[in-house]
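[1] Next come a sequence and a model predicted from it.
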Amino acid sequence: MHEIFKKRSLAPGYTFFVIKSPRIAKKIEPGQFVIVRVHEKGERIPMTISDFDREKGTLNMVVSQVGKTSRLLASLEPGERILNMLGPLGIPSDIESFGNVVTICRQGTAGALYSIIKALKKAGNRVTCIMGAKSRDYLVLENEIGAVVDELIIATDDGSRGVKGYAVSALREYLKKNQVDYILTIGSSKMMKTVGKIGKKYGIKTKASLGAIMLDGTGMCGACRVTVKGNTRFACMDGPEFDADEVNFNELIRRQSFFKEEERLAMELFEEGI
Ligand SMILES: Cc1cc2nc3c(=O)[nH]c(=O)nc-3n(C[C@H](O)[C@H](O)[C@H](O)COP(=O)(O)OP(=O)(O)OC[C@H]3O[C@@H](n4cnc5c(N)ncnc54)[C@H](O)[C@@H]3O)c2cc1C
Ligand code: FES
């Protein structure tokens with residue numbers, strides 16, 4: 001179970017895996033995630049399933065190497081196994097015939113959008129993807145997403161591919177010229193907060209997939225608590241997608257940095273091989 005079948009590097013710090021996991025592949029829907037544990041003493045971290053093949057019993061995953069556990073996960077080689085994978089978890093993404101849809105992501109979060117984009121296309125939507133990155137070298141799944149969407153808009157900070165600037169600026173420009181019915185964003189909380197405000201300004205239904213800290217993924221620990229429209233919600237059970245303009249992003253950003261010092265120390269020890 002959970003054997004790494006294929007692995008490739010997508011960009012510096014971004015690794016793509018195909019994992020054999022027939023039980024999860026049978027049930028998973030676009031937008032759902034799993035909680036992964038790499039080894040016996042390891043912490044549990046959430047990972048979205050980028051795509052799945054029910055017949056082959058495989059799951060695709062894009063891992064952004066941001067700290068100790070994601071680096072350990074990315075170091076696994078074909079033939080090795082992920083110790084535990086709990087899922088599918090979370091509520092599947094809203095797949096309806098919305099009309100004109102814009103999805104917006106940055107670098108590795110394109111992975112989490114991929115199967116959702118495919119499903120939105122299958123449901124008859126016209127889908128545009130706005131993909132942001134530091135430079136062209138950090139674009140993730142550009143060809144794969146480009147092959148599925150009606151329009152791919154790339155925005156790089158240094159202008160090395162597509163338009164120069166941030167993805168949110170490209171969204172602002174797009175909305176000046178196009179009528180949009182639905183926006184879905186997966187990225188940093190800061191980016192999603194801005195996208196939520198832009199969506200609200202134009203009166204467009206806008207969802208954000210929240211990267212709250214998760215431990216058990218089953219509503220027991222409270223780690224992923226978020227405030228949405230003034231009410232307490234658990235991102236693992238009630239999300240991860242919520243109406244972006246109703247999320248208290250300032251609180252989420254504070255909660256996401258609760259363990260910054262521990263994460264820094266864990267990374268230092270990991271880099272020293274301790
Ligand atoms: C629903 C969901 C789906 C996700 N899907 C993906 C994905 O497909 N690919 C991917 O690369 N990343 C994904 N993430 C983010 C990923 O879980 C974190 O990057 C990872 O947990 C970082 O752990 P670390 O030990 O490598 O880094 P650390 O050094 O421990 O932490 C770095 C940062 O990652 C975040 N983080 C740390 N621990 C957790 C945790 N237990 N839960 C959530 N965030 C955490 C915090 O913001 C932290 O500041 C997802 C997060 C959520 C909530
Ligand atoms: S991760 Fe524990 S309640 Fe959501």
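    Yep, that arrived. Since we're looking at a predicted model, the values are computed, not measured. Ligands and ions are numbered 1, 2, ... in the order given.

[2] what about the strands in the stretch 51-200 of the chain?
    Here the stretch 51-200 of the chain has its strands, by DSSP state E, counting those that start in this stretch, at 51-53, 58-64, 84-89, 100-106, 126-133, 151-156, 163-164, 182-186.

[3] in the stretch 51-200 of the chain, which spans are helices?
    Ranges of helices in the stretch 51-200 of the chain, per DSSP state H, counting those that start in this stretch, are 68-74, 110-122, 142-148, 167-177, 189-202.

[4] quick one, which of those helices is packed in tightest?
    helix 110-122 (a mean of 23; mean count of other Cβ atoms under 10 Å). Placement of C-beta: from N, CA and C, glycine included.

[5] which residues are contacting that one?
    Contacts to helix 110-122, defined as Cβ atoms under 8 Å, 6 or more residues apart in numbering, come from residues 14, 16, 30-31, 48-52, 60-62, 93, 95, 98, 101, 103, 105, 127, 129, 131, 139-142, 144-145, 148-149, 184, 186, 209.

[6] among those, which are within reach of ligand 1?
    Applying Cβ under 6 Å from any ligand atom to the contacts of helix 110-122, one finds that 48, 62 fall near ligand 1.

[7] ok, how many other residues are close to residue 78?
    11 (other Cβ atoms under 10 Å).

[8] Please state the backbone phi and psi of it?
    Recorded main-chain torsions at residue 78 are phi -50, psi 130, according to degrees, to the nearest 10.

[9] Mean neighbour count and mean pLDDT for the strands of the stretch 51-200 of the chain - can I get that in CSV?
    Output for those, formatted as CSV (neighbours: other Cβ atoms under 10 Å; pLDDT from 0 to 100):
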stretch, mean neighbour count, mean pLDDT
strand 51-53, 19, 98
strand 58-64, 24, 98
strand 84-89, 19, 96
strand 100-106, 25, 98
strand 126-133, 25, 98
strand 151-156, 19, 98
strand 163-164, 14, 98
strand 182-186, 27, 98
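
[10] need those strands in TSV with distance to residue 257, can you?
    Listed next are the strands of the stretch 51-200 of the chain as TSV, based on distance: least, Cβ to Cβ, whole Å:
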stretch	distance to residue 257
strand 51-53	31
strand 58-64	17
strand 84-89	23
strand 100-106	18
strand 126-133	22
strand 151-156	26
strand 163-164	29
strand 182-186	19
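
[11] so which of those strands comes closest to residue 2?
    Residue 2 lies closest to strand 84-89 among the strands of the stretch 51-200 of the chain, at 4.9 Å (Cβ to Cβ).

[12] Nearest to residue 41 among the helices of the stretch 51-200 of the chain would be which one?
    helix 68-74 (10.8 Å).

[13] Would you mind pulling up the elements that that closest one packs against?
    Judged by 3 or more Cβ pairs under 8 Å, 6 or more residues apart in numbering; DSSP states H and E, helix 68-74 is in contact with strand 44-48, strand 58-64, helix 260-271.

[14] any idea of the mean pLDDT for the first one?
    Put plainly, it is strand 44-48. When pLDDT is averaged over strand 44-48, the result is 97.

[15] which residues touch that strand?
    For strand 44-48, using Cβ under 8 Å, 6+ apart, the contacting residues are 31-37, 61, 63, 69-70, 73, 84, 86, 89, 111-112, 209, 214-217, 236.

[16] mind checking how far residue 83 is from residue 3?
    Computed as Cβ to Cβ, to the nearest Å, the residue 83 to residue 3 distance reads 11 Å.

[17] Show me which of these two is the more surrounded one.
    Neighbours per residue (other Cβ under 10 Å) separate residue 83 from residue 3, with residue 3 holding more: 15 against 12.
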